[in-house]
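>>> Sequence and predicted structure, then a few things I'm wondering about:
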Amino acid sequence: MDYLVDTYFDDLQLGAVQSTRGRTITEADIVNWCALTGDWFVLHSDKEYAARSMFGQRIAPGMMVLAFSGGLGVPPLAKAIVANYGSDRVRYPRPTFIGDTLHAEIEVADLRPRDDATGIADFRWDMVNQDGSTVMASRLKVLLRRGPDAG
């Protein structure tokens, strides 16, 4: 699989898009996330409390959904990526539930040369569930090499 985010800066085209493979959110994912981060917020960890909430069931932590998007869209061995440059905006317009299957939808939204060796790519970086609903909308900036011999 070719990863859009691991394309050299000078080879990227505005508007280029990619959809990743899917990943189903499990109860184990949520429990492990809560244990690793200490985020035991009741909507994630208390089945009875969550059942009485506006969601009717437990929801996945938003930061976990954001973290999983990186696992779907960033390759383990990246030739073009120098570093994550940051996120300008992250929103969760719909909840993610246990059993939802998410995939990342990625689009090149802006390109800005930084120096002779690198550029900053701005990606629309969204997570979409099995029904086609966006559960996380974000803008991710990535510092990329300009070419194979740059940086």
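Sure thing, it's come through.

>>> CA only for contacts and neighbour counts going forward, please
Fine.

>>> which residue is nearest the middle of the protein?
Computing the C-alpha centroid of the chain and ranking residues by CA atoms, centre = their mean puts residue 69 first, at 2.7 Å.

>>> mind listing what residue 69 touches?
Residues counted as contacts of residue 69 (CA atoms under 8 Å, 6 or more residues apart in numbering) are 103, 104, 125, 126, 127.

>>> farthest-separated two in those?
By the measure CA to CA, 103 and 125 form the most distant pair in the contacts of residue 69, at 10.4 Å.

>>> For the nearest residue to residue 144 once chain neighbours are set aside, give me its contacts.
Of all residues not flanking residue 144 in the chain, residue 81 sits nearest, at 4.7 Å (CA to CA, 6 or more residues apart in numbering). Counting by CA under 8 Å, 6+ apart, residue 81 touches 5, 6, 7, 8, 142, 143, 144, 145.

>>> By neighbour count, which of these wins?
residue 144 (29 neighbours; other CA atoms under 10 Å).

>>> circling back to that earlier point, tell me which of the contacts of residue 81 fall in strands.
142, 143, 144, 145 (DSSP state E).

>>> Test of understanding: give the bridge partners of the last one.
On the basis of DSSP bridges, residue 145 takes part in beta bridges with residue 118.

>>> Check it and give its pLDDT.
If you check residue 145, the pLDDT there is 97.

>>> Low-confidence regions, the chain specifically.
1, 151 (pLDDT under 70).

>>> Where do the helices of it begin and end?
When assigned using DSSP state H, the helices of the chain occupy the ranges 27-37, 42-45, 47-51, 62-73.

>>> Could you name the helices and strands sitting against the second one?
Using 3 or more CA pairs under 8 Å, 6 or more residues apart in numbering; DSSP states H and E as the contact test, the elements touching helix 42-45 are helix 27-37, helix 47-51.
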